[in-house]
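In: Fold the following and give me the result.
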Amino acid sequence: MAKNSDENENDSPQNNNQNGYEIENKIDAFLDKQIFDPEAESNQDNWFANLVKNDYDSAEALYVGVFVFAGVVISQELLRIVKYGESYIPFAQGGGGNLF
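Out: Residues are numbered from 1 along each chain as shown. The predicted structure is shown next:
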């Protein structure tokens with residue numbers, strides 16, 4: 001059975017390559033989008049925006065510290081889920097101290 005000419009155009013390597021470039025361009029546009037603008041009017045009274053403008057190094061260290069702290073807490077809780085299974089209690093202290 002012969003394929004329709006429209007189907008042949010959609011299956012061509014050139015069209016697949018074009019779709020790959022479109023996806024790549026969408027990802028690049030998303031990654032280039034500015035999420036936080038300390039100069040925006042809505043951020044005039046924001047303490048973190050003022051810290052970024054006045055002392056960028058301290059703001060960066062604070063941001064990274066919070067990010068790493070959150071990652072450590074989440075990874076600990078995920079490990080407890082794996083270790084204790086159904087008897088897991090979220091954010092509970094203790095647990096015996098033995099990993100294995």
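
In: can you give me the offset of the longest helix along the chain from its chain's centre?
Out: When the chain is scanned for its longest helix (criterion: DSSP state H), the result is helix 56-84. In this view, helix 56-84 has its centroid 13 Å away from the chain centroid, taken as Cα atoms, centre = their mean, to the nearest Å.

In: What residues sit buried inside that helix?
Out: 59, 80 (16 or more other Cβ atoms under 10 Å). Yep, even glycine has a C-beta here, placed from its N, CA and C like the rest.

In: Who are the packing partners of it?
Out: helix 47-54 (3 or more Cβ pairs under 8 Å, 6 or more residues apart in numbering; DSSP states H and E).

In: where does the protein have low pLDDT?
Out: 1-16, 94-100 (pLDDT under 70).

In: now do 80
Out: Within the chain, the ranges that satisfy pLDDT under 80 run 1-20, 91-100.

In: ok, back up a step: the longest helix of the chain vs helix 47-54, what angle?
Out: Angle, helix 56-84 to helix 47-54, by axes from the mean of the first three to the mean of the last three Cα atoms, to 10 degrees: 130 degrees.

In: Identify the residues contacting stretch 34-50?
Out: Stretch 34-50 has contacts (Cβ atoms under 8 Å, 6 or more residues apart in numbering) with 52-53, 59, 62.

In: now those as a markdown table including distance to N19?
Out: Shown next, in a markdown table, are these (distance: Cβ to Cβ, whole Å):
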| residue | distance to N19 |
| --- | --- |
| V52 | 38 |
| K53 | 42 |
| A59 | 40 |
| L62 | 41 |
